[in-house]
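Q: What follows is a protein structure lacking sequence information:
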C-alpha cells in the first residue's frame, strides 16, 4: 500500500512540473491573446459646397496598436472611395439643391473600424450677377471678360503686357529648319517693350516676334466650375490664358516631346514665340517669382496661382497630381474653392513648370 502511495506522489509531482513548464513556455513565447483596438475617434467637416460638388476634410484617426489607418468614404450608403491615406475627398457630379449624408470609416486592417458622419446640401446653379474677383487681375488692354448666362467668356489678343526680347526689333536673327530652309526675323524699328535677351540669346531664340502673330483667342468656361469624375490630359497648344493676355502651354514642345531642348529659347519670363503665338511654359518671372500671385485661368475654369498659397502664406502641402487643392485665396472672399498652383518642384534644377498635370475639371477649347 505504501508503495502505491509513493508511486501516486511521484506521478502527481511530475504532472505539476510539466504543467508549470508548459505555462512558462506559453508566456515566454508571447502566446497571450490581446484584443485589437479600433482607431481613435475623429471628426469630419465640410470645407466647400457648390452646385454639383462638395469637399470634406477630416482629422487624423490614430491607432493605439500602431496599425496603419486608411479611410473609406460612403455617400448615401454607397462606397465612393476606399483605402485612402489622405484626409480629404471631393465629390463631383452631384445634383443641385440636394442634401446628402455619408460616413468616413477609419480602419486599421485588422478588423478595427471607427465611423464619423457628415452631411451637406449642394447649392442652386443660379446665374451669377458679377464676375469672380480674380478676373480683375487680367490686363484690361489685352483681354475682354464678360458674363454670358452661367458662363464666363474670356477674349484676348494674345499679347503680353510686359517686356520681352521677342517684341519686334531691328536685330536680325535667322534659324535653319529641318528641311534646310532659313527663316529670318527682323523689323524696321524696336517695339517700346522690347529688351535685349538675358537668359537666352539671339541664336537660341525661336523665329518670329510677338507682334508678327495674330494671337487672338477666346475661352468660355463655367462661372461655377466643378471637378470632373475623371481627369483629362492636356494637349498641345493653349491650355489657359494668363493675366498678361498671352496664353499658357503645358510642359511639351511637341507631340510627346519634352520641353527640355527648347528651354534655351525661353526669355526671362519663361516664354517664347511659335507656332501660333507668344506663350508661357514655366513660372513667369515678369510678375510671379516664388509667391502667391495669380497666373491666369486654365481651360477647365479653375484659376492658377503661384507656388505659394494665400491661405497659409506658404507652399501648399496637400496638392493633387495636377497641383490643385481646395482652400481660400486672396480672391475668394473667405470661401474655400478649388484652384491650381505652380508646383514647387524643380525642373532642370532651376525652373518651375506652370501646369504639368491633367485638367481636373471639364476643359473647354481655347479658340
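A: Sure thing, it's come through. Keep in mind that what you see is a predicted model, and the values were worked out from it rather than measured. Residues are numbered from 1 along each chain as shown.

Q: thinking residue 199 is in contact with residue 265, fair?
A: No: using C-beta atoms under 8 Å, residue 199 is not in contact with residue 265; the gap is 10.2 Å. Bear in mind the C-beta positions are built from the backbone N, C-alpha and C, glycine included.

Q: For these two, work out which one has more neighbours and name it.
A: More neighbours surround residue 265 than the other of residue 199 and residue 265, with 22 against 15 (other C-beta atoms under 10 Å).

Q: Now the more buried one. Its backbone dihedrals?
A: phi -90, psi -10 (degrees, to the nearest 10).

Q: Isn't it up against residue 206?
A: Yes: under the criterion of C-beta under 8 Å, residue 265 is in contact with residue 206, at a separation of 4.7 Å.

Q: Mutual contacts of the two, please.
A: Both residue 265 and residue 206 are contacted by residue 272, under the criterion C-beta atoms under 8 Å, 6 or more residues apart in numbering.

Q: The protein - how does it break down into domains?
A: The chain is divided into the following domains under automatic domain parsing: 44-121, 133-361.

Q: any idea which of these is most buried?
A: Counting by mean count of other C-beta atoms under 10 Å, domain 133-361 has the highest mean neighbour count of the domains of the chain, with a mean of 18.

Q: what's the first-to-last distance across that domain?
A: Distance between the boundary residues of domain 133-361 (C-alpha to C-alpha, to the nearest Å) amounts to 20 Å.

Q: Tell me the spacing between residue 330 and residue 229.
A: 29 Å (C-beta to C-beta, to the nearest Å).

Q: actually residue 35, not the one I typed
A: Spatial separation of residue 35 from residue 229 under the definition C-beta to C-beta is 41 Å.

Q: For residue 122, the count of nearby residues, please.
A: The local packing count at residue 122 equals 19, with neighbours defined by other C-beta under 10 Å.

Q: and if you look at residue 127?
A: Counted with other C-beta under 10 Å, the neighbours of residue 127 add up to 12.

Q: ok, it - contacts?
A: With C-beta under 8 Å, 6+ apart, residue 127 has these contacts: 147, 149-150.

Q: again with residue 176
A: Neighbour list for residue 176: 182-183 [criterion: C-beta under 8 Å, 6+ apart].

Q: So what pairs up with it in the strands?
A: As for beta bridges, residue 176 partners with residue 182 under DSSP bridges.
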